[in-house]
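K.L.:
Quick one: sequence and predicted model below, then my questions.
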Amino acid sequence: MEKSWKYAHYFTLVGTSGKNVVVRCQLCGESKTFSTAKNSTSNLLKHLKGTHSTTQLVEKEVRLATARESRVSLPAKQPKLDFSREPRVTLEELNQLVAGYIVEEMLPLSTVDSSSFRRIIDKIPSNNNVHLPHRKSFTSYLENEYKKMKAALKLALDDVQFVSSTADIWTANNRSYMGVTIHWFNQDTLERHKAALACKRVRGRHTFDVIAAELEQIHSSFGLLNKVVATVTDNASNFVKAFKTFPPPESDEDEKEEEEEEEQEDVLFTDIAEALTSVSDEGHITLPPHYRCAPHTINLISTSDVEKYLTSSQATKSVYRVTIAKCTALWTKASRSTVAAEQGQEVSQMKLLDPSSTRWNSFYDAVSRVAEIPMNELNNLCNKLGIKCFNEKEYQFMHEYCIAIKPLTAALDILQGDECPYGAIQTRFSIVLDNKDALLAAISCPKFKLRWVKDGARKQQLKNLLVAECQILSSSAGDSDKTDNVPNKVITTVTGMEFFEFESNELSELRGFELDTLSNYPAVKKVFLKYNTPTPSSASVERLFSLGGLVLTPRRNRLSDSRFEKLLLMRYNHCFTSPDHLKKSEQ
């Protein structure tokens, strides 16, 4: 419905004269009239501001449908939208909006019973008899939405051939939980996707067999036992032992070799009853290949390995310990005293950082922040705080320490060297540097291919490795149907190693960086999907635990384990924002 001019209630319509209208000012009395254009109110506004400047004017917008007879109707210069039919919200839409708000913002479920919150909801135009359900009914609605999300996730994973997972254990409020996330590529767009599978309560000790049983059960519940190409965890001894004790099943080629060896051996008779009674649960558990989290491995290098190197020599041992001790005293003062923190901020123009035990780079950042302060200003700050000053040798040591540690924040491929402490990279990453899976992941990626290999014989060896893997995957079950429709030229390009011929001209080299080029080489694309699906770190499951800390707050310690897991998974997977790869299945 159209709205009139905000001061139209001060005038009464007398008549019309062509393109003008004649009105009477109610503030002036009955005798005085004014003529103004139908599409302009400037004359009337000037009259009010000039003649009635001492009067407190009140703005009022009167709907023309109810006051057209007694108010001045001034035609608008532009057509106005008709808002007479306001959109109405259905019960399903209302539940979706409220559930999305509560889950995404990690609010208590009792929010729906809050009187102030319900007053806000009541202002939303809705159909008749549509009201927000109370907590009990709303909880049942969330249960159904969780079932839909889980079914949609299973449906999305059914079409994926290769997936990888990350796992870790988190403890909060005297409870322990195992979190598992899953990662995969969209086979058409090569876009990486992720989702959270579980955050289950783990009772008792976190032994290797408990971890193995829980992890296999989670993978099995989503039908992923034969799809998980690797699981990424940190370097915790219980996780490492679990994967060593329950390795993945041997390949068909290894089994054939063992069968041939067994045929040549003498026949041995076994007591069947004894064999059946001696079978343990360990024989039924198999875990996927294990990858260690690269950032966690770097953490070990930057902490334990660097400290071992610096304390192994008397020349560096004393200066290292004294310098770090003075820095620690400075951080302690700044973190425990507001006066000290303000003084530090005045000197450095930035806040002094307090290292965190969970992130190694925070220690580097804290030392680097201290090293940025000029030496005379730094010692002035130490005098104010009652801390021993830094001498020239210790101040220089901080700068050299930062220069030496800074490369560890960059990518792993730029870290080289055989001498300590960087020699620890060769020790801790030796398995990865010569690992077949890691090599296939690198050479099947168009961005790298063989650019990082200098030795000619090594290049040829890796080419043969890729061709052999392409042939194995192409001859796997169910693959013949997909490759039958592929032109012969595409198959010959793989066996002819044309995938590596990127140095012929600059244009082809630039195009080789795009993942889209893998569509021309379906066998190489399959190798890429299999060996690049694993993530380099377990940061995804750490983010899951970060959200868990916001859901399982001390005030919500009575939240059941099952409900906590469901709320957390819906939040992590953005259940109510409907991502494209996790659209809810129709029921």
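P.N.:
Yep, that arrived.

K.L.:
next helix or strand past the helix or strand hosting Ile211?
P.N.:
The secondary structure element spanning Ile211 is helix 208-221 (assigned by DSSP states H and E). The C-terminal neighbour of helix 208-221 among helices and strands, as given by DSSP H and E, is strand 228-233.

K.L.:
and the angle for whatever helix or strand comes next after that following strand with helix 208-221?
P.N.:
Counting by DSSP H and E, the element after strand 228-233 in chain order, helix or strand, is helix 237-245. The directions of helix 237-245 and helix 208-221 differ by 70 degrees, with axes from the mean of the first three to the mean of the last three C-alpha atoms, to 10 degrees as the criterion.

K.L.:
so what does helix 237-245 touch, helix or strand wise?
P.N.:
Judged by 3 or more C-beta pairs under 8 Å, 6 or more residues apart in numbering; DSSP states H and E, helix 237-245 is in contact with helix 208-221, strand 228-233, strand 290-292. Heads up, the C-betas are built off the backbone N, CA and C, glycines and all.

K.L.:
Only the C-alpha atoms, please, for that helix, written as CSV.
P.N.:
Taking C-alpha atoms only, helix 237-245 is exported to CSV below (Å, rounded to 0.1, in the frame of the first residue of the first chain):
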residue,chain,number,x,y,z
SER,A,237,52.8,-43.5,20.4
ASN,A,238,49.4,-45.1,20.9
PHE,A,239,48.3,-44.2,17.4
VAL,A,240,51.6,-45.3,15.8
LYS,A,241,51.4,-48.6,17.6
ALA,A,242,47.8,-49.2,16.5
PHE,A,243,48.6,-48.9,12.8
LYS,A,244,51.7,-51.0,13.2
THR,A,245,49.8,-53.7,15.0
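
K.L.:
so Ser164 sits right up against Val180, yeah?
P.N.:
No. Under the criterion of C-beta atoms under 8 Å, Ser164 makes no contact with Val180, lying 11.1 Å away.

K.L.:
more crowded one of those two?
P.N.:
Per other C-beta atoms under 10 Å, whichever of Ser164 and Val180 has more neighbours is Ser164, with 26 against 22.

K.L.:
which ones are touching that one?
P.N.:
Applying C-beta atoms under 8 Å, 6 or more residues apart in numbering, one finds that Ser164 lies in contact with 182-184, 228-232, 533-535.

K.L.:
how about 10 Å then?
P.N.:
181-185, 194, 224, 227-232, 288-289, 291, 530-535 (C-beta atoms under 10 Å, 6 or more residues apart in numbering).

K.L.:
circling back to that earlier point, can I get the helices and strands packed on helix 237-245 in CSV including distance to Thr111?
P.N.:
Below are the helices and strands packed on helix 237-245 laid out as CSV (distance: least, C-beta to C-beta, whole Å):
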stretch, distance to Thr111
helix 208-221, 30
strand 228-233, 36
strand 290-292, 41
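
K.L.:
ok, Arg292 - how many residues close by?
P.N.:
Residues near Arg292, counting by other C-beta under 10 Å, number 22.

K.L.:
mind starting the numbering at 388 from now?
P.N.:
OK, 388 is where the count begins now, so the last one is Arg679.

K.L.:
Pretty sure it sits against Thr553.
P.N.:
No. Checked against C-beta atoms under 10 Å, the pair Arg679 and Thr553 is beyond contact range at 11.4 Å.

K.L.:
shared neighbours, those two?
P.N.:
Taking C-beta under 10 Å, 6+ apart as the contact rule, the neighbours common to Arg679 and Thr553 are 619-621, 924-925.

K.L.:
May I ask which two of these are separated the most?
P.N.:
For the shared contacts of Arg679 and Thr553, the maximum inter-member distance is 10.1 Å, found between Thr620 and Ser924 (C-beta to C-beta).
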